[in-house]
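Asker: below is the structure, and that's it, no one-letter string:
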């Protein structure tokens, strides 16, 4: 079965909840799917929820960093939510600083933050 | 890889978007995951979005019908959104009438409907 990460559209925002560790192929597919969906729906924001992820490897971290840069290029604001301690450590150690990205504790807070930002 | 359907929590509501055809094992796992998450989060409502599903077989239809009945038993209101024509036909032909369930055209409408219902 071709595993894909579901991407939900809620008003102007796409929501992605990553709930299991991604293998490399799924991560690449996700990148492509998200950018396509963004284009298709003209979404202005994306929330990527990592609450359930307690480990991230260097490849996935890079894909994630890339997705965020690509989304910004396409004009969408990105919020990453629920980054766990181990994931934060890995990201920084790998030099992935996610500097232009908003973060929030959980999905609810992330959505609120993003909506406020989109209204501004 | 053990494939699971992500279940998002947004305030009092769980959101599930089924974006590919389920195999039997994934469907059963989904049933279990959803009921557990409902118990864990004390969510009062569930939205199951089927927008991307254009075909449903009798086993999955039964699991879906069961999940809805079980969720009601556990005290949650369920909204099914985005049922496509072929899926509607299959459900009715199989005698799965989803009588106690709210339906809506898409995720946004479903959430609005559910929230109105929860406030009432």
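Answerer: In hand now; what should we look at? It should be emphasised that the depicted structure is a prediction, and the values quoted were computed from it without experimental measurement.
Asker: can you tell me the element the residue nearest the centre of chain A falls in?
Answerer: Centroid check for chain A by CA atoms, centre = their mean gives residue A:48 as the closest residue, at 3.2 Å. Using DSSP states H and E, residue A:48 maps to strand A:45-49.
Asker: that strand pairs with which strands?
Answerer: strand A:13-17 (parallel), strand A:77-81 (parallel) (DSSP bridges).
Asker: wait, which of the ones you listed is closest to residue B:6?
Answerer: Among the strands paired with strand A:45-49, the nearest to residue B:6 by CB to CB is strand A:13-17 (4.5 Å). Using the backbone N, CA and C atoms, a C-beta is placed for each residue, glycine as well.
Asker: now do the same contact list for residue A:28.
Answerer: Applying CB atoms under 8 Å, 6 or more residues apart in numbering or on different chains, one finds that residue A:28 lies in contact with residue A:63.
Asker: need the pLDDT of it.
Answerer: Residue A:28 is assigned 94 on the pLDDT scale.
Asker: make TSV from the strands paired with strand A:45-49 and add mean pLDDT to it.
Answerer: Formatted as TSV, the entries for the strands paired with strand A:45-49 read as follows, by pLDDT from 0 to 100:
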stretch	mean pLDDT
strand A:13-17	94
strand A:77-81	94
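Asker: so which of these is nearest residue B:82?
Answerer: Shortest separation from residue B:82 across these is recorded for strand A:13-17, at 15.3 Å, computed as CB to CB.
Asker: so how far is the closest one from its chain's centroid?
Answerer: With CA atoms, centre = their mean, to the nearest Å as the basis, the distance from the averaged C-alpha position of strand A:13-17 to the chain average is 8 Å.
Asker: residues in contact with it?
Answerer: If you take CB under 8 Å, 6+ apart as the criterion, strand A:13-17 is touched by A:5-9, A:30, A:34, A:37-38, A:41, A:43-49, A:51-52, A:76, A:107, A:111, A:114-115, A:118, B:6-8.
Asker: which ones among those are found in strands?
Answerer: Cross-referencing those against strands under DSSP state E gives A:7, A:8, A:9, A:45, A:46, A:47, A:48, A:49, B:7, B:8.
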